[in-house]
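Asks: Below: sequence and its predicted model.
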Protein chains: 2
Amino acid sequence: MKQNLLDDIQNLLLLGAGPSGVAPNTYHAMSRNVLGHLDPYFLKIMAEIKHGLRELFGTENKVTVPLSGTGSIGMEAAFVNVIEKGDKVLVLENGVFGNRMEDVASRLGAVVTKEEFEWGTPVVPARVKELLEQDHYKLVAIVHAETSTGVCNPVEEIGRMVHEAGSLYLVDCVTSLGGIPVEVDKWHADIAYSGTQKCLSCPPGAAPITFSDAAMQVIENRKTKVPNWYLDMNMLTHYWRGATRVYHHTAPISMMYGLYQALYNILEEGKENCFARHMAAHRRLVEGLERIGLELFVAPEFRLPDLNCIVVPEGITDKEIISELRDNYSISISAGLGPMAGKILRVGLMGYNATETNADRFVSALEEILRAHGCLAEKAA
Amino acid sequence: MKQNLLDDIQNLLLLGAGPSGVAPNTYHAMSRNVLGHLDPYFLKIMAEIKHGLRELFGTENKVTVPLSGTGSIGMEAAFVNVIEKGDKVLVLENGVFGNRMEDVASRLGAVVTKEEFEWGTPVVPARVKELLEQDHYKLVAIVHAETSTGVCNPVEEIGRMVHEAGSLYLVDCVTSLGGIPVEVDKWHADIAYSGTQKCLSCPPGAAPITFSDAAMQVIENRKTKVPNWYLDMNMLTHYWRGATRVYHHTAPISMMYGLYQALYNILEEGKENCFARHMAAHRRLVEGLERIGLELFVAPEFRLPDLNCIVVPEGITDKEIISELRDNYSISISAGLGPMAGKILRVGLMGYNATETNADRFVSALEEILRAHGCLAEKAA
């Protein structure tokens, strides 16, 4: 370690699928003096974090806490707490994160039925209705905002069906929380989780999660212990709730400060204003992309505002676009995942970076690159 | 969220069992601009982190990485990767963290033999020898530095026996790494893990771990998939190693910056100098405590320098001492855990805070409190 690499970190405009840009006061929060995880003042900060998360999740769930890991630990915690060997799970899949759910649940011994829907299109409620009539599932899982395709799934409509069918309902809100409305209670969702590094605009490292009373009852009445000590909600709740706080594991203090500030920022702006800002940035981006003749991967009515997938135009590769944006314009965007690799670009307008100015900056950089490669369509030239 | 609680965080001198004090440049590192988890510059930082961890762990293990969670996730990852249902595990227990090992392993279906040794004394190698002659274990687990009692276990001597017995050897180095010598390769340890918030002097939020080639072979040849997607080393290594980095989960970028800086600081000081500083602070603390007539819980030859357990003197409670230290002297120390609650105080001299000056500041504050409560012995009055 001869030179300190940290001194030369570039200030990139993060417009990828996450991590997203971080507000200056959230960066500052991350560098505040560390307190002990049982310090009385830290407990006050924890209380405010729970309050802020309930507000954004749209829930009154008592068990609403940030887990000590990045977004994916939310998915792990959701399944490992409620699933026991042999439990039937229905995964509604239309992207990478639906597939990951199948993998996570199967490893825990769940009997998983995965229903596939075309990538780039939403899950179809009518088909879900049929499936719920044919069999009973302990848990039905869906991704609200599919980060791999940019599709928003109809989670409210499906939630009503799952509720009627008497199954637990799990909704992945990684790329929705803080950017678009999330209404856990209204959707009848029993478990929902997110990550800090998307629309919350906090560095990655914590995973907000919420469990309904019904979900907690299932967890409390398990036949076997949760096969994951670190994520056992029966124990974690003793640390996050109640008069006497019992040490479970050391919470990531600085991440909690960052999350506190990020929630503070959103609630100070007003969550409706924050959602409107995301939508305005998205509209601006779409207008710009259409102006230069580019195609979006998802039909307008199913598009997420915060995660936009652009079809890679002819005559240039995704890798060329991504590296030229980074090296010549200091803009970071994401490639396609899995089967979408090489076919789409993923552009996030999340949290702090969800502004019309950033949408313009991106479109103008992209236009220059495409023009230099001679791959802009006639009408845009 | 009416006022910003972060503005009123006290600057406490953290002399508890962790989190420990953080150097100003490590705080600064935590607030550097976030990069993407696949950004080429971030990959360079990852490479240096692996290099620094190998140096401190005393290993050439290729798989030496920080996990995305706090210290306890290291224990979870160690067991969940190598254990399959029915595997025999021997846990050598002389404190809370040995007991936690039994819990973690049992939840994964391991058949655990827990051998108990008296708290405050080390594991006895002769007894381990007998146990290894009586049965064969897939894995033998021990805690190097038992954070609940302040005892240093003879991990090298036991390592030779475990190696000869042909078992995998797991050593918890949470409260040793960076504060006292850790020699994974010399000890024949197959798995060792730590946390950032002890002697590395970085905020909590990452768990360095190392796996020997033998351990990785066991993981690669499992009969069943690792029942924890988030911690599956088969997948995580594709992100942390090799020419093509495959996205697994979003790494906690800011924590990685903090860890990078913390490792940089230790290697710049020189690890031997760093260990000597811990030892000097410890000696100073012990001298001071003996001067005022206090008793240490552990016999001199088995004491950890970085985690000191003091027997709570007559005439005052641990809670009184802890809250007066915090409220009147801005010093944070820890209470006893589990059966030691109320009986001992735990005083950490870890990382950045391991100095003779801090030892003096603590002893002098403690002396004032005890004197005010009239509970200092005659000889010290």
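Replies: Received, thanks.
Asks: Could you use CA atoms for every contact and neighbour count after this?
Replies: OK.
Asks: Which residues are in contact with the closest residue to residue A:173 other than its chain neighbours?
Replies: Leaving aside its chain neighbours, residue A:173 sits nearest to residue A:194 (4.9 Å; criterion: C-alpha to C-alpha, 6 or more residues apart in numbering or on different chains). Contact analysis of residue A:194 by C-alpha atoms under 8 Å, 6 or more residues apart in numbering or on different chains lists A:71, A:74, A:172, A:173, A:174, A:175, A:176, A:177, A:207, A:208, A:209.
Asks: what does residue A:23 give?
Replies: Residue A:23 neighbours (C-alpha under 8 Å, 6+ apart): A:201, A:202, A:262, A:352.
Asks: hmm, 10 Å instead?
Replies: Residue A:23 makes contacts with A:29, A:201, A:202, A:203, A:258, A:261, A:262, A:265, A:351, A:352, A:353, as judged by C-alpha atoms under 10 Å, 6 or more residues apart in numbering or on different chains.
Asks: what about the helices in the stretch 151-300 of chain A?
Replies: A:155-165, A:213-220, A:233-240, A:253-269, A:271-291 (DSSP state H, counting those that start in this stretch).
Asks: List just the one of those that sits closest to residue B:116.
Replies: helix A:233-240 (23.9 Å; C-alpha to C-alpha).
Asks: what about whichever residue of the stretch 251-381 of chain A sits closest to chain B, how many neighbours?
Replies: Nearest residue of the stretch 251-381 of chain A to chain B, counting by C-alpha to the nearest C-alpha: residue A:252, 4.6 Å away. Using other C-alpha atoms under 10 Å in any protein chain shown, residue A:252 has 28 neighbouring residues.
Asks: how about it, what does it touch?
Replies: Contacts of residue A:252 (C-alpha under 10 Å, 6+ apart): A:34, A:36-37, A:66-69, A:205-206, B:19, B:69-71, B:196-197, B:203-206, B:255.
Asks: residues near the closest residue to residue A:260 other than its chain neighbours, how many?
Replies: Closest residue to residue A:260 apart from its sequence neighbours, by C-alpha to C-alpha, 6+ apart: residue A:49 at 5.5 Å. Counted with other C-alpha under 10 Å, residues neighbouring residue A:49 total 25.
Asks: which among the contacts of residue A:194 gets closest to residue A:133?
Replies: Distances from residue A:133 to those, taken by C-alpha to C-alpha, are shortest for residue A:172, at 23.3 Å.
Asks: wouldn't that closest one be in contact with residue A:75 here?
Replies: Yes. The criterion here is C-alpha atoms under 10 Å, and residue A:172 meets it with residue A:75 at 7.3 Å.
Asks: what is in contact with the two at once?
Replies: Shared contacts of residue A:172 and residue A:75, counting by C-alpha under 10 Å, 6+ apart, come down to A:97, A:101, A:191, A:192, A:193, A:194, A:209.
Asks: so how far is residue B:204 from the fifth one?
Replies: For residue A:193, the distance to residue B:204 under the criterion C-alpha to C-alpha, to the nearest Å works out to 22 Å.
Asks: contacting residues around residue A:132?
Replies: Listed by C-alpha under 10 Å, 6+ apart, the contact set of residue A:132 reads A:90, A:140, A:161, A:162, A:164, A:165, A:166, A:167.
Asks: angle of the worst-scoring helix or strand of chain A on mean pLDDT against helix A:213-220?
Replies: Every helix and strand in chain A was compared by mean pLDDT, DSSP states H and E; the lowest is helix A:233-240, with a mean of 92. Here the directions of helix A:233-240 and helix A:213-220 differ by 110 degrees (axes from the mean of the first three to the mean of the last three C-alpha atoms, to 10 degrees).
Asks: Just the C-alpha atoms of helix A:233-240, please, in PDB.
Replies: Extracted in PDB, the C-alpha atoms of helix A:233-240 (Å, rounded to 0.1, in the frame of the first residue of the first chain):
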ATOM      1  CA  MET A 233     -35.800 -11.800  13.700                       C
ATOM      2  CA  ASN A 234     -36.800 -13.400  17.000                       C
ATOM      3  CA  MET A 235     -33.500 -12.200  18.400                       C
ATOM      4  CA  LEU A 236     -33.000  -9.000  16.400                       C
ATOM      5  CA  THR A 237     -36.300  -7.600  17.700                       C
ATOM      6  CA  HIS A 238     -34.900  -7.700  21.200                       C
ATOM      7  CA  TYR A 239     -32.200  -5.300  20.100                       C
ATOM      8  CA  TRP A 240     -34.400  -3.000  18.100                       C
END
